[in-house]
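A.B. asks: What follows is a predicted structure for the sequence shown.
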Amino acid sequence: MSKFKLHSMESAPQGTKALFENSLKNFGMIPNLHAVLGEEPVVLEAYQQLHTLFQQTDFNAAELTVVWQTINVEHGCEYCVPAHSLIADMMKVDPAVNEALRNKTALPTQKLQVLHDTTLAIVRERGRISDEQLDAFFAAGYEQKHLLGIILGLSQKVMSNYVNYIAQTPLDEKFQAYAE
């Protein structure tokens, strides 16, 4: 059980209220992760900005999902895996992509598989990936900007995954259908 306060619009610090409005606009609710982060407005703001900025990279919806879910699954985040499963559905990502990521099976295309493998290598090796991995990444059609995009996505996911572990963030009802 979480020992962390889940803020509502009523209990949130003043600087958090406008950020909660963003949550309501984007998700139709204040996700519990945001309710935890709302304790420190600048942290919630940073998380929301990272999320927005990552979505502005050159990745399409399936590729965003590959990066997010590769990290979530590798980190074992019981909150983010179902949350990003719903987000993948909202972005109309082929369900086979999300299922492969969650089940640690082959992705439907070689290009997505290379993105997954590279993201996983970056996470596991803390950025120290091999020349062979880089060559495979570039041969699949990705560019330097995509590697930088992975790092941006990883920054967002480290923030949320770690906060969820520490806070033991309860899964929102809206995400329950996507729980493992």
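C.D. replies: Nice, thanks for sending it over. Numbers count the residues shown, from 1 in each chain.
A.B. asks: Tell me which residue lies nearest the centroid of the chain.
C.D. replies: For the chain, the residue nearest the mean C-alpha position is Trp68 (3.9 Å; C-alpha atoms, centre = their mean).
A.B. asks: Show me where this structure dips below the pLDDT cut-off.
C.D. replies: 1-2, 180 (pLDDT under 70).
A.B. asks: From Leu86, how far off is Glu63?
C.D. replies: 18 Å (C-beta to C-beta, to the nearest Å). (C-beta placed from N, C-alpha, C; glycine too.)
A.B. asks: And these two? Which one has more around it.
C.D. replies: Between Glu63 and Leu86, Glu63 has the larger neighbour count (other C-beta atoms under 10 Å), namely 23 against 18.
A.B. asks: Would you quantify the distance from Ala61 to Ala136?
C.D. replies: From Ala61 to Ala136 the distance is 23 Å (C-beta to C-beta).
A.B. asks: Report the contact partners of the residue nearest to Gln113 when sequence neighbours are not counted.
C.D. replies: Once flanking residues are discounted, Gln113 sits nearest to Leu107: 4.4 Å by C-beta to C-beta, 6 or more residues apart in numbering. Taking C-beta atoms under 8 Å, 6 or more residues apart in numbering, we find Leu107 in contact with 66, 97, 100-101, 113, 116.
A.B. asks: does the residue nearest to the centre of the chain belong to a helix or a strand, and which?
C.D. replies: helix 61-75 (DSSP states H and E).
A.B. asks: just how off-centre is whichever helix or strand comes after that helix within its chain?
C.D. replies: Using DSSP H and E, the helix or strand that directly follows helix 61-75 along the chain is helix 80-90. Computed by C-alpha atoms, centre = their mean, to the nearest Å, the separation of helix 80-90 from the middle of its chain amounts to 9 Å.
A.B. asks: How about stretch 171-180?
C.D. replies: Taking mean C-alpha positions (C-alpha atoms, centre = their mean), stretch 171-180 and its chain are 15 Å apart.
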